[in-house]
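J.: Model the structure of this input:
(chains A and B)
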Amino acid sequence: QLQLQESGPGLVKPSETLSLTCTVSGGSISSSSYYWGWIRQPPGKGLEWIGSIYYSGSTYYNPSLRSRVTISVDTSKNQFSLKLSSVTAADTAVYYCARRSKAYCSGGRCYWVFDYWGQGILVTVSS
Amino acid sequence: DIQMTQSPSSLSASVGDRVTITCRASQSISSYLNWYQQKPGKAPKLLIYTASSLQSGVPSRFSGSGSGTDFTLTIRSLQPEDFATYYCQQSYSTPWTFGQGTKVEIK
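T.: Sure, this is the predicted structure:
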């Protein structure tokens, strides 16, 4: 059974860089069938996709965060990581890592879903 | 960005009720629409993909419909474990975006 586990500091000071790691177990991050991503949820609010990465290292980010986000992958450790720079209180959220996979393909078109999620980690930005 | 708007934002229902949640996209997304269920303190769980396909292991009382800009999630006979928040999500184009959520509460 695939499992994802977020880790990192739960408290980050304003203007500093938030760093989180997602460790994947029960499956290989190097599979060509999946992307790996980060999604966050401010307390009491909805979900926001941050960005995703392929095992080869290719990335794509939410334009609203692109200038501050870096996602990287370490296939030797079966991990991928998130760095978010210059954080403010608005970045306080539960951060989830998730797998993005093809749920269905037909006629050359594929439909993608976030099918496995980590349990989430609350990161608070405060001095 | 494609904006996803859910209605209602919350609803109260009783066990056994039929519940319908609506999701509207700001532009046509064909059938690139997924539904997730989230319980307090837990990660979202995939329920439905391609607007109407049931994820493996999800009870058949859940169903989805729609295409283009208007979509519906229906729970045929609400069970105690269905009280949660439901989110739609478009997978048509980046950035992937979610609706604001619909909280289903016990009446």
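J.: Might you enumerate the residues of chain B proximal to chain A?
T.: Residues of chain B found near chain A (Cβ under 8 Å from any Cβ of the partner chain) are B:1, B:31-32, B:34, B:36, B:42-46, B:49-50, B:53, B:55, B:87, B:89, B:91, B:94-101. Bear in mind the C-beta positions are built from the backbone N, C-alpha and C, glycine included.
J.: so what pLDDT did the most centrally placed residue in chain B get?
T.: Centroid-nearest residue in chain B: B:Trp35, 4.0 Å away (criterion: Cα atoms, centre = their mean). Note on B:Trp35: pLDDT of 98.
J.: ranges for the strands of chain A?
T.: Under the criterion DSSP state E, strands of chain A are mapped to A:3-7, A:11-12, A:18-25, A:34-41, A:48-53, A:59-61, A:69-74, A:79-84, A:93-106, A:109-117, A:121-125.
J.: Then chain B?
T.: B:4-7, B:10-13, B:19-25, B:33-38, B:45-49, B:53-54, B:62-67, B:70-75, B:85-90, B:97-98, B:102-106.
J.: Tabulate those (CSV), appending distance to A:Ser28.
T.: Output for the strands of chain B, formatted as CSV (distance: least, Cβ to Cβ, whole Å):
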stretch, distance to A:Ser28
strand B:4-7, 32
strand B:10-13, 41
strand B:19-25, 34
strand B:33-38, 24
strand B:45-49, 21
strand B:53-54, 26
strand B:62-67, 31
strand B:70-75, 33
strand B:85-90, 25
strand B:97-98, 28
strand B:102-106, 36
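J.: who wins for proximity to A:Ala103 among those?
T.: For A:Ala103, the closest of the strands of chain B is strand B:45-49, at 4.2 Å, according to Cβ to Cβ.
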